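K.L.:
model this:
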Amino acid sequence: MSLLIPNNGEGDALQYFVNKAAPENLVLRLFSNNITPAETDTAATYTELAVSGYAAITLTGANWNAPSEGAPSSITYAQQTFTFTAAGSTYGYFMTRATSGRIALAERDGAGVFTFSSGDSYKVTPQITAD
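P.N.:
Presented below is the predicted three-dimensional model:
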């Protein structure tokens, strides 16, 4: 599945681009409901994973790598690892703004549902590409 930036995320990005609003750090979260990301999604569309050992991860702005400019341009963040202490499943990840809680983007795992047991981990390498 491809990364999707819903309407809320697009609106925020445009405001940051013209300096109308102050940017916020992103928070990486896993979702447990069986949905496909859509343009009209909000943060409330996603059911955040709720199992022992899971915690959302704040991605600080200063730690994103320098963008790769070209056609397309992209920016990446170091791989993040979620390690679980209970069983469960996730369908992918979404990111929200740290302060406002608005959704920034979402991506369903292309391999389908990821079912895990205690001690398993799930890795995400955040990357945003624009063209």
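K.L.:
just the strands in this protein please.
P.N.:
Ranges of strands within the chain are 26-31, 57-59, 73-76, 80-83, 88-90, 92-97, 103-108, 114-116, 121-124, 127-130, based on DSSP state E.
K.L.:
measure Ser73 to Ala13 for me?
P.N.:
Relative to Ala13, Ser73 is positioned 13 Å away (Cβ to Cβ, to the nearest Å). Backbone N, C-alpha and C define where each C-beta goes, glycine included.
K.L.:
Show me which of those two is the more surrounded one.
P.N.:
Applying other Cβ atoms under 10 Å to Ser73 and Ala13 shows that Ala13 carries more neighbours, namely 16 against 12.
K.L.:
Contact partners for the residue nearest to the more buried one when sequence neighbours are not counted?
P.N.:
Counting by Cβ to Cβ, 6 or more residues apart in numbering, Ala13 lies nearest to Ile5, which is 7.1 Å off, once chain neighbours are set aside. Going by Cβ atoms under 8 Å, 6 or more residues apart in numbering, Ile5 touches 13, 104-105.
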